[in-house]
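**Student:** With the input below, show me the fold.
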Amino acid sequence: MSDTAAGSAEPTPADASPADATRAALEDLLDLLDLQRTDDDADTFRGKGSGFDEFGLYGGHVLAQAVVAAQRTTDRRAGQERLLNSVHAVFLRGGDGMADVDYTVERVRDGRAFCTRRTQAHQFDRLIFELMATFHVPETGRVSIDCPMPEGVAPPESLPTYQECIAQVGPIFGEQWSYMTRPVEYRLAHAPWAPTGPSPRGGIDYWFRVPRRLPDDPAVHEAVIAYMSDDCLADNVIVPYGVTWLDEGIHVVSLDHAMWFHAPARADEWIYCEQRPLTAGGNRGTAQARFWQHGRLVATAVQEALARL
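**Tutor:** Below is the predicted model:
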């Protein structure tokens, strides 16, 4: 699975502004997340491929679509809705960005406070991905611990966009992946391809938000944030070596991905993502991402990747 964020596969008109192109890419993403039920009597769905063939199917693409498939089988009525609180996913085979993806959901358990869903993704009758997702009816209680946002983080408006950084370093992820339009406003605080370089922790830090107001439905925001949670995460394992996954002799693929949603968040308001490598050895590495909004930690993701240098 490639771990650089997908964007619009449609060509951008030459006279389109960057803002217009980002909005168009967002509409493409929302279309990808609008799964179609394939059997009225079963929890089966179909999602579109990315339309890219250069590096297969972006992991966040199949992750987000699998989340949507699971969401479609849970109670989302106002006052009773179950919000996504965790995902545990395994990337089993590389996906084909040019093909649709078929999803099957198993209703593992429906409890009073939690429900659990297993989603499997297939292409060409082959299992490529599996996800376990849990959903929780919101509760209140005495337990409250927060992890403060790092100090000294520059505001997003003061930081370069992804496109500005790539314009300086060139197509380090290949022509298609480097120059396609992202579906989010994306401001880089630290990265090997940003003027500041990697963070002091050897990681990648950035802000993101979608370019327009989204519906208030929490499911939409959960899916978009899940989609972005895979962005660049595996790259952190090779950042200390000064290479990218396009360099000769480099092989990096996501193996599994876990994520916890600590509090509701909106994908149309700025989210700060701090990534770092945790450990590596035996050609496997683990990286962490933490997401803050309005100073509150709203999500955490951890991913293991195969990294052969």
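
**Student:** From here on, just use CA atoms for contacts and neighbour counts.
**Tutor:** Noted.

**Student:** Let me know how buried Ala42 is, in neighbour terms.
**Tutor:** By the measure other C-alpha atoms under 10 Å, the count of residues near Ala42 is 11.

**Student:** what does Asp205 give?
**Tutor:** 22.

**Student:** residue contacts, it?
**Tutor:** Counting by C-alpha atoms under 8 Å, 6 or more residues apart in numbering, Asp205 touches Leu188, Ala189, His190, Ala191, Ser199, Tyr272, Cys273, Glu274, Gln275.

**Student:** In JSON lines: those residues, plus distance to Phe55.
**Tutor:** Shown next, in JSON lines, are the contacts of Asp205 (distance: C-alpha to C-alpha, whole Å):
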{"residue": "Leu188", "distance to Phe55": "23"}
{"residue": "Ala189", "distance to Phe55": "26"}
{"residue": "His190", "distance to Phe55": "24"}
{"residue": "Ala191", "distance to Phe55": "21"}
{"residue": "Ser199", "distance to Phe55": "26"}
{"residue": "Tyr272", "distance to Phe55": "27"}
{"residue": "Cys273", "distance to Phe55": "24"}
{"residue": "Glu274", "distance to Phe55": "25"}
{"residue": "Gln275", "distance to Phe55": "22"}
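
**Student:** which one among those residues gets closest to Ala167?
**Tutor:** Nearest to Ala167 out of the contacts of Asp205 is Leu188 (C-alpha to C-alpha; 13.4 Å).

**Student:** Is the closest one in a helix, a strand, or coil?
**Tutor:** Applying DSSP: H, G, I helix; E, B strand; the rest coil to Leu188 yields a three-state assignment of strand.

**Student:** I'd assumed Ser199 was in contact with it.
**Tutor:** No - at 10.7 Å, Leu188 does not count as touching Ser199 under the criterion of C-alpha atoms under 8 Å.

**Student:** out of the two, which sits in the more crowded spot?
**Tutor:** Taking other C-alpha under 10 Å, Leu188 and Ser199 do not tie; Leu188 has more neighbours (27 against 17).

**Student:** got the contact list for the residue nearest to that one when sequence neighbours are not counted?
**Tutor:** Using C-alpha to C-alpha, 6 or more residues apart in numbering and skipping residues adjacent in sequence, the residue nearest Leu188 is Tyr206, 4.4 Å away. Neighbour list for Tyr206: Tyr186, Arg187, Leu188, Ala189, His190, Tyr272, Cys273, Glu274 [criterion: C-alpha under 8 Å, 6+ apart].

**Student:** what's the answer for Gly295, then?
**Tutor:** Pro148, Met149.

**Student:** let's see it at 10 Å
**Tutor:** Contact partners of Gly295, counting by C-alpha atoms under 10 Å, 6 or more residues apart in numbering, are Asp146, Cys147, Pro148, Met149, Pro150, Ile271, Tyr272.

**Student:** The stretch 1-150 of the chain: strands as residue ranges?
**Tutor:** 36-37, 44-47, 83-91, 101-110, 114-123, 126-136 (DSSP state E, counting those that start in this stretch).

**Student:** need the ones you listed in JSON lines with mean neighbour count, distance to His262 and mean pLDDT, can you?
**Tutor:** Shown next, in JSON lines, are the strands of the stretch 1-150 of the chain (neighbours: other C-alpha atoms under 10 Å; distance: least, C-alpha to C-alpha, whole Å; pLDDT from 0 to 100):
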{"stretch": "strand 36-37", "mean neighbour count": "16", "distance to His262": "29", "mean pLDDT": "96"}
{"stretch": "strand 44-47", "mean neighbour count": "23", "distance to His262": "27", "mean pLDDT": "98"}
{"stretch": "strand 83-91", "mean neighbour count": "22", "distance to His262": "7", "mean pLDDT": "97"}
{"stretch": "strand 101-110", "mean neighbour count": "19", "distance to His262": "21", "mean pLDDT": "97"}
{"stretch": "strand 114-123", "mean neighbour count": "21", "distance to His262": "15", "mean pLDDT": "97"}
{"stretch": "strand 126-136", "mean neighbour count": "21", "distance to His262": "11", "mean pLDDT": "98"}
